[in-house]
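Colleague: Could you work out the structure for the sequence below:
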Amino acid sequence: MTPVQIYARVAGILFLITFVAGSFGEFYVPTTLIVSGDPTATFNNIAAKEWLFRLGFAGYLLEGLCDAALALVLYALLKPVHRNLALLAAFFGLISTAHFAVCEMFFFSGPMLLKNPVFLQTFSRDQLNALIYLFVRVYAYGAGLLMVFYGSASLIRGYLIYRSGYLPRFLGVLLGIAGVGFILKNFTLVLAPTYSSDFLLLPAPITVLVLTLWLLVKGVDVQKWEARVIAMRTIDQPSLT
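Modeller: Numbering: from 1, shown residues only. The predicted structure is shown next:
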């Protein structure tokens, strides 16, 4: 395989890992352990299933590592279309990953509160339940407050894919729609929480699955990618006149 096809396959593998690890760590584990409006039940679930709690966090760590690597790989794949926009998308993607890491820190605070004797002596059982529930709610709410960075990265990458010629345009359209969904979810959550719906995020998993399959099975059109690279180098060459 040519180097660019290797990049495409690596991107597909990273997308696949992020999808599986993210689905487990960000959705399955929190929805299994967190009982909405019931701090006591949430506390009991975390105490009884700490292994699942920690496994979910490990899943997020794996997802975060892959997201950081994807920032580089997607930049390498898309920079022949527009280097600065590809770099901007990489920056937005890294900011999104760092922000979610902070939110996960709040989520992981539960076991620390459960086992630290200082907290056990300072807070009553009900207070400790409420405190742990507060942290997991901060995680859940905070994860949506800066989705605009992830959405902007997806929107820019969708545009670059659409313009590339070496990846099919429908992938760019799908990724752009997913990016708009993240952005709308973010702003409705901030400006009009009543109208903020998870339905806006529905295009994202569909897009990731389609993009993953395409990169793993088809990759990129190597000849068109090389033509883009040559055109980029020609533009970057200083004029002799």
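Colleague: Tell me which stretches of this structure form helices.
Modeller: Using DSSP state H, the helices of the chain run over 3-22, 29-33, 39-48, 50-78, 83-107, 109-115, 117-122, 125-145, 147-164, 169-191, 203-217, 222-236.
Colleague: can you put the ones you listed in CSV and add mean neighbour count and distance to residue 197?
Modeller: In this view, the C-beta of every residue, glycine as well, is placed from N, C-alpha and C. Formatted as CSV, these follow (neighbours: other CB atoms under 10 Å; distance: least, CB to CB, whole Å):
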stretch, mean neighbour count, distance to residue 197
helix 3-22, 19, 20
helix 29-33, 17, 17
helix 39-48, 18, 24
helix 50-78, 19, 24
helix 83-107, 18, 20
helix 109-115, 16, 28
helix 117-122, 10, 36
helix 125-145, 17, 11
helix 147-164, 23, 13
helix 169-191, 19, 8
helix 203-217, 17, 13
helix 222-236, 13, 38
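Colleague: I figured residue 90 hits residue 74, correct?
Modeller: Yes. Here residue 90 reaches residue 74: they are 7.0 Å apart, a contact under CB atoms under 8 Å.
Colleague: quick revisit: need the helices of the chain in TSV (columns: mean pLDDT).
Modeller: Output for these, formatted as TSV (pLDDT from 0 to 100):
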stretch	mean pLDDT
helix 3-22	94
helix 29-33	87
helix 39-48	85
helix 50-78	92
helix 83-107	92
helix 109-115	77
helix 117-122	76
helix 125-145	84
helix 147-164	95
helix 169-191	95
helix 203-217	95
helix 222-236	83
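Colleague: ok, residues contacting stretch 174-185?
Modeller: Residues outside stretch 174-185 that contact it (CB atoms under 8 Å, 6 or more residues apart in numbering) are 144, 147-148, 150-159, 161-162, 196-198, 200-204, 206-208, 210-211.
Colleague: list the contacts for the residue nearest to residue 104 when sequence neighbours are not counted?
Modeller: Excluding the flanking residues, the one nearest residue 104 by CB to CB, 6 or more residues apart in numbering is residue 60, at 5.3 Å. Contacts here follow CB under 8 Å, 6+ apart; on that basis residue 60 touches 21, 22, 25, 26, 100, 104.
Colleague: redo that, cut-off 10 Å
Modeller: Residue 60 is in contact with 21, 22, 24, 25, 26, 29, 100, 101, 103, 104, 107, 108, counting by CB atoms under 10 Å, 6 or more residues apart in numbering.
Colleague: The fifth one: what's its closest spatial neighbour, skipping adjacent residues?
Modeller: Once its chain neighbours are removed from consideration, residue 26 has its nearest residue in residue 60; the separation is 6.5 Å (CB to CB, 6+ apart).
Colleague: What of the third one?
Modeller: Once flanking residues are discounted, residue 24 sits nearest to residue 59: 4.5 Å by CB to CB, 6+ apart.
Colleague: Looks like the one you found contacts residue 25 (just checking).
Modeller: Yes. Between residue 59 and residue 25 there is a contact at 3.1 Å, judged by CB atoms under 10 Å.
Colleague: what do those two both touch?
Modeller: Joint contacts of residue 59 and residue 25 (CB under 10 Å, 6+ apart) do not exist.
Colleague: circling back: which member of the contacts of residue 60 is positioned nearest residue 192?
Modeller: Closest approach between those and residue 192, by CB to CB: residue 103, at 21.7 Å.
Colleague: ok, the closest one to residue 33 distance?
Modeller: 16 Å (CB to CB, to the nearest Å).
Colleague: got it, and residue 180?
Modeller: For residue 180, the distance to residue 33 - CB to CB - is 31 Å.
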